[in-house]
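J.: Sharing a sequence plus its predicted fold:
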Amino acid sequence: MKDPLESSRRMIAQARKHILDLDKQIKIFNEAVPETVTAEADPQIEHKQPYHIKFAKVVPSSLAETVSDIAGNLRAALDQAGYAVAVASGKAVPKYCAFPFAGSATEFENALNGRAKDLPQQIRALLRAFKPYMRRE
């Protein structure tokens, strides 16, 4: 029997490769850049540790590209896992099984009832517990 989460596992493995590459890129950047980094509190942002970080030298675009690849792979892994779960729950051709990231709890519920409506209720309840949104309402 084929592993229904095989594609998700491949995406996670690819993200891990990118993380190792990112670690190497950061080490090279740190060795090349003097330790002139400043962090300033951002009063516009209320959650977590809101800081603007300024480097003495421009961060190479390759770092941003690698981080983007990592995020993309992990996002794809979540969406593909959602598809596998929807199929396993009996949906023949699920179309609405994406992981419902959102900016707020309200937007999350809208996404859950839209982009993720083919997921089983038990999984939707689990996703609610993750609170995958930035703002608390």
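T.: Perfect, thanks for sending it.
J.: so what's Asn110 closest to, chain neighbours aside?
T.: Ala102 (7.3 Å; Cβ to Cβ, 6 or more residues apart in numbering). Where you see a C-beta, it was placed from the backbone N, CA and C, and this is true even at glycine.
J.: Same question for Leu112.
T.: Pro100 is the one closest to Leu112 (Cβ to Cβ, 6+ apart), at 4.7 Å.
J.: so the one you found touches Leu126, yeah?
T.: No. Counting by Cβ atoms under 8 Å, Pro100 stays clear of Leu126, with 11.7 Å between them.
J.: Which one of those two is surrounded by more residues?
T.: Pro100 (26 against 12; other Cβ atoms under 10 Å).
J.: Now do that one against Val93, distance only.
T.: For Pro100, the distance to Val93 (Cβ to Cβ, to the nearest Å) stands at 19 Å.
J.: just the strands in this protein please.
T.: 37-41, 51-55, 102-104, 133-135 (DSSP state E).
J.: In terms of pLDDT, where does the residue nearest to Leu112 sit?
T.: pLDDT for Pro100: 93.
J.: how about it, what does it touch?
T.: Going by Cβ atoms under 8 Å, 6 or more residues apart in numbering, Pro100 touches 108, 111-112, 114-116, 127, 132.
J.: ok, Arg75 to Ala15 distance?
T.: 10 Å.
J.: now swap in Lys117 and tell me
T.: Counting by Cβ to Cβ, the gap from Lys117 to Ala15 is 27 Å.
J.: which residues of the protein score low on pLDDT?
T.: 1, 33-56, 135-137 (pLDDT under 70).
J.: same thing but at 90, please
T.: Within the chain, the stretches with pLDDT under 90 are 1-2, 26-60, 101, 130-137.
J.: where do the helices sit along it?
T.: Along the chain, counting by DSSP state H, helices occupy 6-32, 61-88, 105-112, 121-130.
J.: Leaving out the residues flanking it, which one is nearest to Leu63?
T.: In space, Leu63 is closest to Gln25, 5.5 Å off (Cβ to Cβ, 6+ apart).
J.: With Ala88 instead?
T.: Nearest to Ala88 is Pro4, by Cβ to Cβ, 6+ apart, at 6.0 Å.
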